[in-house]
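**Q** Just a sequence and a predicted model for now, questions to come.
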Amino acid sequence: MYQTNLQAVLPLLQRAVQGERNDELFYDYLIQNAPSNQDREIITSIRDDERRHRQMFRHMYYALTGQQITESTTGEPFNIPPSYLAGLEKAIFGELSAVELYRKIYFTIPYTVFKNMVFEILTDELKHASKYNFLYAKNK
């Protein structure tokens, strides 16, 4: 079903870079609205991972094309969630959605070194979803 395909993976990498940027901005909002230091620390660590992931995807794109990836400055519009809990819920499903995209990237990107990078990102996203589940349960 999946096979390495450079032309197919390039737009997926672009989506990943933009998605990581949107997540970073959204998590900044959650950090500002977190009710405790523990929540802020957890979300900050996730946000910092998202920044690192974005750089990793940018590196992969450049290594494969010799060109810098162009990022949209608009991205998806940011809608303030009605509550902190609603924001956590959105974050949980956002992380799980990213896993689906990154799984496609994993199967289509060439070269083991890039597959290893994507695997690291994938497992981070699963870890993030678990941390957001913890925060959701703790704050419910």
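**A** That came through fine.

**Q** going forward, measure contacts and count neighbours with C-alpha atoms only.
**A** Noted.

**Q** Show me where this structure has its helices.
**A** Assigned by DSSP state H, the chain shows helices spanning 6-33, 37-65, 84-108, 112-139.

**Q** So for the first one, what gets flagged as buried?
**A** Going back to what we said before, that points to helix 6-33. Neighbour-count burial for helix 6-33, counted by 16 or more other CA atoms under 10 Å, picks out 9-10, 12-24, 26-31.

**Q** Grab the nearest non-local neighbour of residue 55.
**A** Nearest non-adjacent residue to residue 55, counting by CA to CA, 6 or more residues apart in numbering: residue 17, 7.9 Å away.

**Q** Check the offset of stretch 79-87 from the chain's centre.
**A** 18 Å (CA atoms, centre = their mean, to the nearest Å).

**Q** count of neighbours near the nearest residue to residue 4 once chain neighbours are set aside?
**A** Residue nearest to residue 4 in three dimensions, not counting chain neighbours: residue 108, with 4.0 Å by CA to CA, 6+ apart. Using other CA atoms under 10 Å, residue 108 has 20 other residues around it.

**Q** This completes my enquiry, with thanks.
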